[in-house]
Each structure stands twice: as C-alpha cells, then as structure tokens.
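Q: missing the sequence, but the structure's below:
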C-alpha cells in the first residue's frame, strides 16, 4: 500500500493490460518531465523484449492506474532501472510526483530498489537519495541561434574556439559530409566497434559485452516512429568516418548517448563539430531539448544552458539481501576513513564494479 487509497501490483512487463498501457501513455503526455525517450512505452517494450527480468510496479487508485515504475528484478529481489548501465534516466510514469514509492514497495517481493538517474522532482526518490546532482541539457526551445548566443555570453572563448575549428575544416579543401540520420548499417557497426575499442582503451566498463545491449542498439536503429527513433548521426571527411553519435529521440527530446570520433581527425575536433551540426539540424526537426546527462565533462559545461536534478540511492526493506548490501556499503565507508591513501577507494570501486556487472547481466 502506498497509502490507504493506493494499491500496488508487480507484474511482468509483457503482462501489462491494455488499460495500464493506455494509462502509461496518458500520464506521460500529461507530465512534461517524462518527455525523454527513456520514458516512452515503446522504449520500455524494446527493452523488455531483450530482458527476461523486466517488471512493472503498478500503482492504482479506485481502479485507475496512477503510476508505473519499470524495472529489472533479480532473482534475489534486487530491483534496478531497466537496462542497468544503459539506463541514464529513470523514474515513475505518473502525473503525481509525490507518490510514496517506499510505501508502494512494502507489499511487493522487492527487497532493495537501487536507483540512479532517477527524477529528483519525484519526492519518493529524493527522500531516499544518497546523491542528487544536475543532469545537463541544451535548451533549444528559443531556437538554435538563441542557444548559441547564450553560450557566447557564458563562455566567449570556448565559442570562438569552436568557430575557429569550423572555419579550419571548411577551408581545408577536404570533402565534408554530414548526415543527421545515417541509415547505413555499416556506419552503425563502425561506430560501435570504435566505441568498444574506446571502452577497452580507457578501462571503462563495456556494457556491450552483454548480448541484449548489442541487440537493443539494432532494435533502436530499426525503430522509427514519432515517439521513439534510434538516430545515428555522422561526419565524414573524404569519405571516411571522422565522428559519429548514436542516440535516441522522442518527438521533442534527443538523448545524447554514444559519441565517438576517429583519432586521425582529432585536429579538427570532429566530435564537437558533429554536435554543433546535430543541434542545428535537430532543432529544425522539432527537437527542443538535448539531454547530455550528469558529470563535469568539459563539453557539457561549454554547451549546456539548463539542467534538471537526478537522484541516486536505494530503498530497502528488511531482508538478508538488504543487510548484505548495507554491510558492503559499511565496509566502503570504513575504508574511506582510514589513512591508507588510494587503497581506501578499492572496496568501493570493487563494489560498484560488481553492481554494474549485476545490472548488466540481471544477477
């Protein structure tokens, strides 16, 4: 029970009724915070087709659906955002941002709900957050030119450098080709081969070691509806890929997801130049916001002109699993207080790595 008038039900995502699916669409349409493609029913359908552990926590009142929380649920009762490491943004599909998520879990078999990238304006996540941080956005609602002017006023030097690189490439005499929506399968394959090589080179976690993640990219690439489209954008120099980006878009929001560039063209800053072309062309096609995600990457500071808060944390019910996870967090906190230098970070780093693997493989 979320409160005396609200009941909860945990169902396999494929088992949502027609009325519940209609409720999802209606609630999302009524809540501007859910405009991201992450919150589209179509994206969750694609994810659930590839994940055996996709579940939905349905909150109802007087027979009407008032909230749906998509998740992946492990055999141990640990719930995480559906898609694990691919789930940059997460939240309750609802018009009511004050629904009590912790109370809704009480009558479910969920021992622990771990969340990251959850909408902090939904009080159920904010109340249980261990961290709240901004997720950066490019607001194009006043038009592409207005955004550029706002960035020039905020950081004139950065914008001069971008314009200088644009001129350098334009005056190079090289053959330049920009594709906003590149439909070539070979370009998609080259993009993700490059991305996985980058993960290997930088020792970052490669989520594409999991087959479902590779399959999902292919599904999104083929999925072309108004509400959800996988979009590959590319920049070629003399017929060779210099930069690429694969993301997904809804009618009004582009989620900036997997950018890559080829090092032999680094002198031109091809990734940044591709983004500038994407922003112009996407705005012309109806995109009013580009979601860049959290973090302090330099390009986000230069390009973002707005943000919204996201939350990370967990909601726990008394259980053996919750106790074990709390014990692990305690070891990490204790190590962090010891005067042992870099070694103090090892337990936390190992735990985060294990949690990422568990999320990727549905353990």
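A: Looks like it came in fine. These figures come from a predicted structure and were not determined experimentally. Residues are numbered from 1 along each chain as shown.
Q: for the helix or strand in which residue 275 is found, which positions count as buried?
A: Secondary structure assigned from DSSP states H and E places residue 275 in helix 270-284. Going by neighbour count (16 or more other Cβ atoms under 10 Å), the buried part of helix 270-284 is 270-283. Bear in mind the C-beta positions are built from the backbone N, C-alpha and C, glycine included.
Q: With stretch 206-215 instead?
A: Buried residues in stretch 206-215, defined by neighbour count with 16+ other Cβ under 10 Å: 206, 207, 208, 210, 212, 213.
Q: how long is that stretch from one end to the other?
A: 14 Å (Cα to Cα, to the nearest Å).
Q: And the helix holding residue 275, what does it pack against?
A: Using 3 or more Cβ pairs under 8 Å, 6 or more residues apart in numbering; DSSP states H and E as the contact test, the elements touching helix 270-284 are helix 144-154, helix 156-170, strand 176-179, strand 229-237, strand 240-249, strand 253-261, strand 289-293, helix 298-303.
Q: residues in contact with the third one?
A: Identification of contacts with strand 176-179 by Cβ atoms under 8 Å, 6 or more residues apart in numbering yields 169, 170, 232, 233, 234, 235, 236, 237, 239, 274, 277, 281.
Q: And the residue nearest the centre of the chain, which helix or strand is it part of?
A: Nearest to the mean C-alpha position of the chain, by Cα atoms, centre = their mean, lies residue 88 at 2.2 Å. Residue 88 is located outside every helix and strand, with elements delineated by DSSP H and E.
Q: Now that it has come up, it's in contact with residue 255, right?
A: Yes: using Cβ atoms under 8 Å, residue 88 is in contact with residue 255, at 7.0 Å.
Q: Show me the common contact partners of those two, please.
A: Between them, residue 88 and residue 255 share these contacting residues under Cβ under 8 Å, 6+ apart: 38, 291.
Q: Setting aside sequence neighbours, what's the nearest residue to residue 83?
A: Spatial nearest neighbour of residue 83, chain neighbours left out: residue 47 (5.4 Å); criterion: Cβ to Cβ, 6 or more residues apart in numbering.
Q: who does the strand or helix carrying that neighbour touch, helix- and strand-wise?
A: Assigned by DSSP H and E, residue 47 belongs to helix 41-50. Applying 3+ Cβ pairs under 8 Å, 6+ apart, one finds that helix 41-50 makes contact with helix 18-30, strand 54-61, strand 64-73, helix 211-222.
Q: Hmm, residue 30 is touching residue 95, no?
A: Yes: when contacts are counted by Cβ under 8 Å, residue 30 is listed as touching residue 95 (4.9 Å).
Q: And those two? Which one has more around it.
A: residue 95 (14 against 10; other Cβ atoms under 10 Å).
Q: any idea how far the more buried one is from residue 60?
A: Note on residue 95: its distance to residue 60, by Cβ to Cβ, to the nearest Å, is 14 Å.
Q: what residues are shared contacts of those two?
A: In contact with both residue 95 and residue 60: residue 66, using Cβ under 8 Å, 6+ apart.
Q: what separates residue 221 from residue 231, distance-wise?
A: Computed as Cβ to Cβ, the residue 221 to residue 231 distance reads 9 Å.
Q: More neighbours: which of these two?
A: More crowded of residue 221 and residue 231, by other Cβ under 10 Å: residue 231, with 24 against 18.
Q: returning to that earlier point: so what touches the helix holding residue 47?
A: In contact with helix 41-50 (Cβ under 8 Å, 6+ apart) are residues 13-14, 21, 24-25, 28, 37, 54, 70, 82-83, 212, 215-216, 219-220, 223, 225, 227-228, 248.
Q: Can you select the buried ones among the residues you listed for me in ChimeraX?
A: In ChimeraX, a selection of the buried entries from the contacts of helix 41-50 looks like this (16+ other Cβ under 10 Å):
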select :13,24,28,37,54,70,82,83,212,216,219,220,223,228,248
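Q: pLDDT for the buried residues of helix 270-284 - can I get that in TSV?
A: Listed next are the buried residues of helix 270-284 as TSV, based on pLDDT from 0 to 100:
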residue	pLDDT
270	96
271	95
272	94
273	95
274	97
275	97
276	96
277	97
278	98
279	97
280	97
281	97
282	97
283	97
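Q: Between the helices and strands packed on helix 270-284, which one is closest to residue 112.
A: When the helices and strands packed on helix 270-284 are compared by Cβ to Cβ, strand 289-293 sits nearest residue 112, at 24.2 Å.
Q: Where does the prediction get shaky in the stretch 1-150 of the chain?
A: By pLDDT under 70, the low-scoring segments of the stretch 1-150 of the chain are 1-4.
Q: Kindly provide the distance from residue 44 to residue 13.
A: According to Cβ to Cβ, residue 44 stands 7 Å off from residue 13.
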